[in-house]
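Visitor: Sequence below, structure please.
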Amino acid sequence: MIGYITLGTNDLNKAAAFYDSLLGELGAGRFLDEETFIAWSTAPDQPGVSVTIPFDGKPATVGNGVMVALMLDSTEKVDAMYSKALELGATDEGAPGFRGDGFYGAYFRDLDGNKLNFFWADMSVFAE
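Guide: Sure, this is the predicted structure:
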């Protein structure tokens, strides 16, 4: 259902370096690279994450209550990707751990303050 998520940035080069390295760990690469917009995905038919300088010319700001959640296939991958994000300059918003039955997540803010999380979920718990 989700095609792509776009996050605002005030420094496209800095954001690009952060996401090249972070999303590269998941096998994602750039599939669009324009002057003010860059998007990554693992395959053309898979959802993507993008960053952009706002079209209206105003500074990018963080939406309160907005978060991008990226699903991974193991708790170990969540731990590794969270550590990678912090290594790249992200700030902690919640260390990796279980939050309720069958949901394991780690929360961080990127270099522009956008909130993201990596998570693993036992979908059988949610199907009950």
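Visitor: Does the most centrally placed residue in the chain lie in a helix or a strand, and which?
Guide: When the chain is reduced to its mean C-alpha position, the nearest residue by Cα atoms, centre = their mean turns out to be Leu116, at 5.1 Å. Under the criterion DSSP states H and E, the helix or strand holding Leu116 is strand 115-121.
Visitor: which other residues reach the helix or strand just after that strand?
Guide: Read in the C-terminal direction, the helix or strand following strand 115-121 is helix 123-126, with elements assigned using DSSP H and E. The contact list for helix 123-126, computed with Cβ atoms under 8 Å, 6 or more residues apart in numbering, reads Asp101, Gly102, Phe103. Any C-beta I mention is one placed from the backbone N, CA and C, and that applies to glycine too.
Visitor: What of stretch 33-51?
Guide: With contacts defined as Cβ under 8 Å, 6+ apart, stretch 33-51 is touched by 2-9, 12, 15-16, 19-20, 23, 26-32, 52-53, 55, 68, 70, 112.
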